[in-house]
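Q: Here is a sequence with its predicted model. Questions after.
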Amino acid sequence: KYAQCLDARDVLVRHNNTICCQEFAVCSSPTGYGDCETVKLESGFAGCDYKEQSGEECFAQAKAMISPLQGYFSNQDKKYEALRFECAKFTAATKAKVAECQYLQEAVNSKVAEANELAEEITNSGKATVQSCKEACQEYQACRTKTVHQYMKVVGPCEAGAYGGGDCVKNRETDRKNEWDATQIIKCMLTHYCEGGHFKDDLLQQCKATIDTYHLNIQYPKVPEELPCEIPDCPACPGCDECVDRPYYQYEVPCYANPLPDAPVCMEDGECPEWCTEDRPTTTTTTTTTTTTTTTTTTTGARKTCLAWGDPHFESFDGQKMNYYGVGEFWLVRSHMLSVQGKYEINPKWPKASIMTGFAVGGAALQGHRIVFDNVEGDAKVFYDGTEILAAFPSSFTDDILTARHEMSVSNHKRAHKQHGMLFLLPNDITLAVLRYSGKYTDLTITMPRWAGDLDGHCGNFNGNPADDTSDALFGRNALQFVKPEASMFKTHVVGSESPVLTIDDCDAATLERAEVLCQGLDTEIHRDACMFDVCMTDDDQIAGDDKEAEELEEGFYVQRLLSEPQKLVKGTNLGMVEGLSEFELSVDITPHSYQKGWRSIVHLTDGPDHKNCCEEGNRIPALWFRTGSTRLHVRMSRTGKGNDGCDPNEPLPLGETTTVRVRVQGPYMIVFYNDKIACVSGNFGDKYVPSKRVAVQAADRWYEAADATLANMWYGRVRPLPVGELFGAVPVALEKGTLLGRIQTYEEFSLSFDVKPKGIVKGWGSIVHLTHDLAGNHGTVGDRIPAIWFRPGTTQLHVRMSRESSANDGCDPKEALPIGETSRVTVRLHDNNLNVLLGDRVICTQNKYSDKIAGKNGVYVYAADPFYDAADADISNMVYQQENGLPEGKLIGAETQLTRGALLGGVRGSANYALKFTITPKSTQRGWRSIIHMTHDMSRNCCNEGDRVPALWFHSRSTRLHVRSSRSRSGNDGCDPKEQLPLNKATEVTVQVSGGNLNVMFDGRVVCTDKDYSSPFQPSDRMAVYASDPWYEPADATIKDMSYQAL
């Protein structure tokens, strides 16, 4: 009080008006440090006569009187400051303790909630792990037994007397001790026999050949000891701490022992499950409830859409097309629940027919409110109860009745022209979507359910019968009547005039032809006809694009934009309502700024009367969080039977960088994209959740703390089909994990070709291309790989897998590595019973077990690279998938071609009697058999079954003398060898002919060799593969040209 009085000078004069006149502390000691007493100031202050003395005099007298007290007050001030400082420290410490307690409690609550959500997943994971371990053990035991059996067959008995006789295996091991790694043979067999848990008999020869080739250096191992295979009681799932069999503590809050019977098998480290006894701690959640008044009514049937567009055309709720070209105001929908009026006017640019320039909405659903969309001096404006809304672009408006948005385009399709779009969400599941063409016209869709009572207008009577929505039918029941002035909802009424009679016949031939071209690509005949009519009536090519956008509008592909500009996340921020969809895409740009403890909310869409958090169906459709201490997304989405399903990408979002995250529910899948790359897929959404009403959108939600992140460009809309057949073109593209190219039709017999340029190697499997019938299908089911191609770990050797009916993961792995830094053309071809891998035109790998090929499939997903493995460090281009319609007939080689080992030319329809002709120019002689041409009914076989050579030709070693073989009955390797050699560096036409029971070989038309044992030549049952040269022998040093095959 002393300080207050001293600081305010006028207080000393007019003290009766201040607190100072009530009481004042005065110390009795002259030094100012004695005891104090309270002195009442009833007749003036400090002996001052305020009636006689001036203010200055009074102030001076008071100051002189109280000056001895200065030291006392100064001392008291210091004491006070010291106490205030201590108090401040104590207060801060107290607040910190309180905050710490709150944080710990929230952390406990968060962990409990997290454990609740993950419990079912952990339980299922545990069960699956146990089952998987059992199956793996069984497969290992079966495979090991067969491997040991085959090992003994490979080692086999020794020839008599070898290595001194006796125990041959033991003697060999002793003689060659430390010269060979004892694990090599077992490693070979386990690699080839037990890969994927399946024994492969056909690869036994490979290990056998290894032993035969290197037996002088082999230290023969003992039969491998059986490996222990234990099935744990508590399966090893990621993050599993231990089975729940004792109290567990989290932030000093006990989760008591004796869990309930349905507790999970294991729990994640650092989490406290809720499955405790009745003594477990409880938490209280405070929920804020907002009461909104709504109007409800009885509806019948599904919602349907009426479209009004162009000049203007109508497609009624029941699907009938109707045109009306008159001027005036008309009822689009006239009913007690909803009334929609349309305003049709003439645009001077298009004088032949009217256009819809505005609409107005009223009725019981709006509870006395009114929406008017009108052209005001050429500029479209929206008024709500007479007040303009949505004036800014973009903008939104929300109250208890209406949610409205003004955004770039109602349609986000690539063919949309980016016209301004508006969306109006009304009670009773009524949606109006608008394309706004400023100064021209308005396209409008009205989507709603049918309710009881009368309903009619230009949109029809919504009774399921399109026949009574024709122009004549509407006219007959007065549904085309003008809106009377007193019923008009517009500010300015337009007087009506009758509709002129206009048809496409009024269009001149040249304009009609142009209109047909411009209107290509529209999905329905109604829209194509309307588009052509609009182009004819207006002579405006832009109209065609507008009509295409109107079709998008009717199909429901409008964007419900929730955010445009960047916005920092704040807990409990309501972004309004959206029209819920069972198949949808939610897209949002997310920029994380820091890591935080606890679940951190990003976006939450929730359905139902109470808009709850979890875990009933509809509570999360979808909802996104950051997991505790990271920027890894936790994405949840309801489906039928489970309110909290979803999938969590392994990859976190980068701090300080913006990532476009898209959540798509389509078909049986929920897919999470990061910048157009698939980050996560769940195939559990065959039974999708269907929203029952408007869906609330929060960012962040009110149940969790907000993520430290910024959102922008968030929209929600109907999902589009994936692109079909859009594979890679000529420009090389770096492979990226999770890149979904689209969907294609596959075939029982096919070829898949692409150019690939390896740039380096990756440690694990490097994915290149993956075709799968299931978006989430990697391995284990027939159809998961049709085909799929990787680089093997640490190499550029191809790993090619292709399902067949009896094996989901069969295939063929070439030994040859692709050169790093060079572009190679790779082809995977399935034809007849053979799967071939070609490098250029050379066959580098063949698998001949495909007699049980799988049928072609629709909608197969194409990845390059897939989301299941890291992408190969490579560029890919020129990728083509096509049906394999067999191999070429007739002429097989035209221009002169150098012979190359393993070059598959194609194939021909074989014949018992035939003529094979070609011109050959030998360049040199070489050691060993040198292949020229090899035709075979089984492209994986060289010799010597019937059909393996029909025919096949070589040069003898160090010669140009031909060795000609052609199969016949009971001999797969009969033939005829001319004695005459071909001249070097000179072209010779060679003919091999089987006819009349003879095999003839001719040089330039001269018969040089005959075999007369061909009364029963081999009769091919299918196409024959043609090699020049074959993959089993080195090629001849020669060129061939003009090669043809003819059936005789």
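A: Nice, thanks for sending it over. Bear in mind the structure is a predicted one, so any value in this text is a computation, not a measurement. Numbers count the residues shown, from 1 in each chain.
Q: you'd agree residue 534 is in a helix?
A: Yes: checked against DSSP: H, G, I helix; E, B strand; the rest coil, residue 534 lies within a helix.
Q: which secondary element of the chain has the worst mean pLDDT?
A: strand 248-250 (a mean of 28; mean pLDDT, DSSP states H and E).
Q: Point out where the stretch 201-350 of the chain drops to low pLDDT.
A: Counting by pLDDT under 70, the stretch 201-350 of the chain has low-confidence residues at 201-301, 310-311, 325, 348-350.
Q: let's go with 80 and repeat that
A: 201-303, 309-313, 322-326, 346-350 (pLDDT under 80).
Q: Please apply the same query to the stretch 451-600 of the chain.
A: 451-453, 475-476, 478-481, 495-509, 511-561, 564, 579.
Q: quick one: the helices in it?
A: 471-476, 509-518, 525-538, 542-554 (DSSP state H, counting those that start in this stretch).
Q: Also the chain?
A: 2-7, 9-13, 55-66, 70-155, 168-175, 184-193, 204-214, 471-476, 509-518, 525-538, 542-554 (DSSP state H).
Q: Mean pLDDT lowest where, among those helices?
A: Between the helices of the chain, the lowest average pLDDT goes to helix 9-13, which shows a mean of 36.
Q: Spatially nearest residue to residue 682 (excluding sequence neighbours)?
A: Excluding its sequence neighbours, the residue lying closest to residue 682 (CB to CB, 6 or more residues apart in numbering) is residue 647, at 4.1 Å. Yep, even glycine has a C-beta here, placed from its N, CA and C like the rest.
Q: Dig out what that neighbour forms beta bridges with.
A: With DSSP bridges applied, residue 647 shows beta-bridge pairing to residue 635.
Q: switch to numbering from 12
A: All right, first residue 12 from here; so that's residue 658.
Q: Next up, the contacts around it.
A: Residue 658 is in contact with 646, 681, 683, 691, 692, 693, counting by CB atoms under 8 Å, 6 or more residues apart in numbering.
Q: Also residue 798?
A: Neighbours of residue 798 in contact, by CB under 8 Å, 6+ apart: 763, 780, 782, 811, 812, 813, 822, 839, 841.
Q: what about the nearest residue to residue 765 once chain neighbours are set aside, distance to residue 746?
A: Leaving out its chain neighbours, the residue that sits closest to residue 765 by CB to CB, 6+ apart is residue 890, at 3.8 Å. Look at residue 890 and residue 746: by CB to CB, to the nearest Å, they are 11 Å apart.
Q: now do residue 347
A: Residue 347 is 61 Å from residue 746, by CB to CB.
Q: now residue 326
A: Taken as CB to CB, the span from residue 326 to residue 746 is 45 Å.
Q: With residue 385 instead?
A: Taking CB to CB, one finds residue 385 at 54 Å from residue 746.
Q: These two - which one has more neighbours?
A: The residue with more neighbours, out of residue 385 and residue 746, is residue 746; 23 against 19, by other CB atoms under 10 Å.
Q: show me the residues around the more buried one that make contact.
A: By CB under 8 Å, 6+ apart, the neighbours of residue 746 are 778, 779, 875, 876, 882, 883, 884, 885, 886, 887.
Q: How many residues are close by the nearest residue to residue 855 once chain neighbours are set aside?
A: Spatial nearest neighbour of residue 855, chain neighbours left out: residue 825 (4.1 Å); criterion: CB to CB, 6+ apart. Counted by other CB under 10 Å, the residues lying close to residue 825 total 19.
Q: Residue 791 now?
A: By other CB under 10 Å, neighbour count at residue 791 equals 10.
Q: Model confidence score at it, please.
A: pLDDT at residue 791 comes out at 84.
Q: residues of stretch 700-719 that come out buried?
A: For stretch 700-719, the neighbour count (16 or more other CB atoms under 10 Å) marks 700, 702, 704-719 as buried.
Q: pLDDT score for residue 728?
A: 81.
Q: ok, it to residue 938 distance?
A: Residue 728 is 71 Å from residue 938, by CB to CB.
Q: same question, residue 814
A: From residue 814 to residue 938 the distance is 43 Å (CB to CB).
Q: the more surrounded of those two?
A: Counting neighbours by other CB under 10 Å for residue 814 and for residue 938 shows that residue 814 has the greater number, 25 against 8.
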